[in-house]
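K.L.:
Quick one, what's the 3D model for this:
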Amino acid sequence: MIFLLIFTEELKSRNVLIYQPAKTAMQSGTAGTKHWKLDFDILEGSGRWTNSLMGWASSADPLQALKIDFKTKEQAILFAEKQGWNYSVQEPKQRAFRKKLYADNFIYSGKKLRFQHTK
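P.N.:
Residues are numbered from 1 along each chain as shown. Here you go, the predicted model:
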């Protein structure tokens, strides 16, 4: 019972980050980037250590790997406020779309041609 009380007080003072994930470098589409995530910040004294067998970083904090998905930013903010968590919102950067044409590779240029010597 005392452990549960301590855990709930510690949980109420957590900081969370609300963000929209960016697309990875390995994908050309925007799949998986339309939703918002709520992620817990890492605690200072969470007892992090390196696992000697696998080389991974381990932690005694059970919430460090928890990510909650939401459809909108407003839903994530409302959930964090209901839980009493301090939150910060990280707005996504807007992609600059540049129109590219394949035919632009073959446009005539009046400049001197580049020579490629193979030997």
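
K.L.:
What is the end-to-end distance of stretch 102-112?
P.N.:
Stretch 102-112 stretches 22 Å from its first residue to its last (CA to CA, to the nearest Å).

K.L.:
Lys111 and Gln83: what is the separation?
P.N.:
Note on Lys111: its distance to Gln83, by CB to CB, to the nearest Å, is 62 Å. Using the backbone N, CA and C atoms, a C-beta is placed for each residue, glycine as well.

K.L.:
Looking at those two, which has the bigger crowd around it?
P.N.:
Gln83 (13 against 6; other CB atoms under 10 Å).

K.L.:
For the closest residue to that one other than its chain neighbours, which residues are in contact?
P.N.:
What sits nearest to Gln83 in space, not counting adjacent residues and going by CB to CB, 6 or more residues apart in numbering, is Lys12, at 7.5 Å. Applying CB atoms under 8 Å, 6 or more residues apart in numbering to Lys12 gives the contacts Gln83, Gly84, Trp85.

K.L.:
Switch those residues over to JSON lines; also include distance to Arg95.
P.N.:
As requested, the contacts of Lys12 are exported to JSON lines (distance: CB to CB, whole Å):
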{"residue": "Gln83", "distance to Arg95": "32"}
{"residue": "Gly84", "distance to Arg95": "35"}
{"residue": "Trp85", "distance to Arg95": "30"}
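
K.L.:
Show me the beta-bridge partners of the closest residue to Lys37 other than its chain neighbours.
P.N.:
Excluding the flanking residues, the one nearest Lys37 by CB to CB, 6+ apart is Lys67, at 5.1 Å. Note on Lys67: beta-bridge partners by DSSP bridges are Asp39.

K.L.:
Quick check: the gap between Lys67 and Arg95.
P.N.:
Distance, Lys67 to Arg95, using CB to CB: 23 Å.
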